[in-house]
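# All I have is the shape, not the residue letters:
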Ligand SMILES: Nc1ncnc2c1ncn2[C@@H]1O[C@H](COP(=O)(O)OP(=O)(O)OP(=O)(O)O)[C@@H](O)[C@H]1O
Ligand code: NI
């Protein structure tokens, strides 16, 4: 087994909301989440909008919003990743490619953002190389973020994250707005970095894109992991375990684009049972009632379902 770089153990995240003035309410958005990323491995986190993917990234990096709190344990290189440690490691082993381009400092030129103020020749050369690698000329270093197109800003975010040859890269929807070829090249570079021993958590809503790079796929639904499967399992629907993962499979453009009926429940609206119960064709009475749906091992993967799908021989 490869050495694990990141371990997320039983992590839950809540938001505190104020209702009618002073009444406080705790809204659970991530529940009992477990995942690991090994050296040389790309683990994709796939889930619909609002399922908690970005919050997981922010939780790992210690940059959750002030009105939230997190429980559970996060280990980086086998040691607890506290907020303070995450701050020290950011840009120094641990890199985030954020979902929003607003993470660029609007008042600082691209070059200074990449070099983090270092002026030595070696850093400047590295900056030039990294920009070039992501299809940006050396003149980009002299531009301010407002002078960049959307696609350029995306590439700058990626370049900035990989400047220091990180050990763990958390990429939160890194390629929207880029054409398929550009996205493919960027994913190719990510793969090179993991072949060099880095680990990557690749966050996306796009299962098809995830499968072009991932070794393992963790499927999120309403703040819970509902399945963890090897990328090969996605070669056939029958090898997948959770009804939602199978629905995602059928919704892929290459598998007929079948729409998934209904939508994921909002945080705080699932009181008991399986959050997918309302949309599940195989739902039984117990699914909506059980206090907690346990995660179990099925055919080498993990599934959170009382009645996981059986293998089909089609
Ligand atoms: N500051 C906040 N206060 C309250 N709720 C929040 C806050 N930030 C996020 N949430 C809620 O947490 C849930 C998860 O949000 P998150 O941004 O992690 O989703 P996501 O899976 O990354 O979605 P997307 O694919 O759209 O980026 C959402 O329901 C969102 O409304
Ligand atoms: Ni997000």
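Now that the structure is in, tell me what you want to look at. This one's a predicted model, so the numbers in the text were calculated from it and none came from an experiment. Ligands and ions are numbered 1, 2, ... in the order given.
# I'd like the mean pLDDT over stretch 207-217, please.
The average pLDDT within stretch 207-217 is 95.
# Ends of it, what's the gap?
Terminal residues of stretch 207-217 lie 9 Å apart, using CA to CA, to the nearest Å.
# Can you give me the buried ones in it?
207, 209, 210, 211, 212, 213, 214, 215, 216, 217 (16 or more other CB atoms under 10 Å). All C-beta atoms are positioned from the backbone trio N, CA, C, and that covers glycine.
# Just these: which are in helices?
Per DSSP state H, helices hold the following members of the buried residues of stretch 207-217: 207, 209, 210, 211.
# And the buried residues of stretch 207-217, which is closest to residue 49?
Proximity of the buried residues of stretch 207-217 to residue 49 (CB to CB) peaks at residue 207, which lies at 13.6 Å.
# Pretty sure that closest one sits against residue 218.
No: between residue 207 and residue 218 there is no contact under CB atoms under 8 Å: 11.5 Å.
# about what we covered before: and the buried residues of stretch 207-217, which is closest to residue 111?
residue 213 (28.8 Å).
# Quick check, that closest one in contact with residue 191.
Yes: counting by CB under 8 Å, residue 213 touches residue 191, with 6.1 Å between them.
# and for whatever helix or strand residue 169 lives in, what are the contacting residues?
Here residue 169, judged by DSSP states H and E, is contained in strand 168-172. In this structure, residues lying in contact with strand 168-172 by CB atoms under 8 Å, 6 or more residues apart in numbering are 5-6, 37, 53-54, 57, 60-61, 76, 93-99, 158, 161-162, 190, 193, 198-203.
# please redo it, this time with the cut-off set to 7 Å
By CB atoms under 7 Å, 6 or more residues apart in numbering, the residues outside strand 168-172 that reach it are 5-6, 37, 53-54, 57, 60-61, 76, 93-99, 161, 190, 193, 198-203.
# do the same with stretch 54-74
With CB under 7 Å, 6+ apart, stretch 54-74 has contacts from 8-16, 29-30, 33, 45, 80-81, 83, 86-87, 90, 96, 99, 170, 172, 203.
# quick one: which of those sit in helices?
83, 86, 87.
# Derive a ChimeraX selection command for the buried subset of these.
Buried subset of the ones in helices among the contacts of stretch 54-74, written as a ChimeraX selection, criterion 16+ other CB under 10 Å:
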select :86
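# mind putting the ones in helices among the contacts of stretch 54-74 in CSV, distance to ligand 2 and pLDDT included?
Shown next, in CSV, are the ones in helices among the contacts of stretch 54-74 (distance: CB to the ion, whole Å; pLDDT from 0 to 100):
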residue, distance to ligand 2, pLDDT
83, 20, 91
86, 18, 94
87, 21, 93
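# Now render the ones in helices among the contacts of stretch 54-74 as JSON lines, adding distance to ligand 1.
Formatted as JSON lines, the ones in helices among the contacts of stretch 54-74 follow (distance: CB to the nearest ligand atom, whole Å):
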{"residue": "83", "distance to ligand 1": "17"}
{"residue": "86", "distance to ligand 1": "17"}
{"residue": "87", "distance to ligand 1": "20"}
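# Smallest gap between the stretch 51-200 of the chain and ligand 2, at which residue?
residue 54 (3.1 Å; CB to the ion).
# taking the contacts of stretch 54-74 one by one, which sit in strands?
Within those, residues falling in strands by DSSP state E are 8-16, 29-30, 33, 45, 80, 96, 170, 172, 203.
# Quick test: name the residue nearest the centre of the protein.
residue 203 (2.6 Å; CA atoms, centre = their mean).
# In which helix or strand does the residue nearest to residue 222 when sequence neighbours are not counted reside?
Leaving out its chain neighbours, the residue that sits closest to residue 222 by CB to CB, 6 or more residues apart in numbering is residue 275, at 3.9 Å. According to DSSP H and E, residue 275 maps onto no helix or strand at all.
# Quick check, residue 275 in contact with residue 226.
No: contact criterion CB atoms under 7 Å: residue 275 and residue 226 do not qualify, at 8.2 Å.
# Give the burial count for the closest residue to residue 276 other than its chain neighbours, as a bare number.
Closest residue in space to residue 276, ignoring its immediate chain neighbours: residue 244 at 5.0 Å, by CB to CB, 6+ apart. Residues lying near residue 244 (other CB atoms under 10 Å) number 27.
# cool, residue 17 as well?
13.
# likewise residue 218?
27.
# in the longest helix along the chain, what counts as buried?
Using DSSP H to define each element, the chain has its longest helix at helix 180-195. For helix 180-195, a neighbour-count test (16+ other CB under 10 Å) marks 182, 183, 186, 187, 190, 193, 194 as buried.
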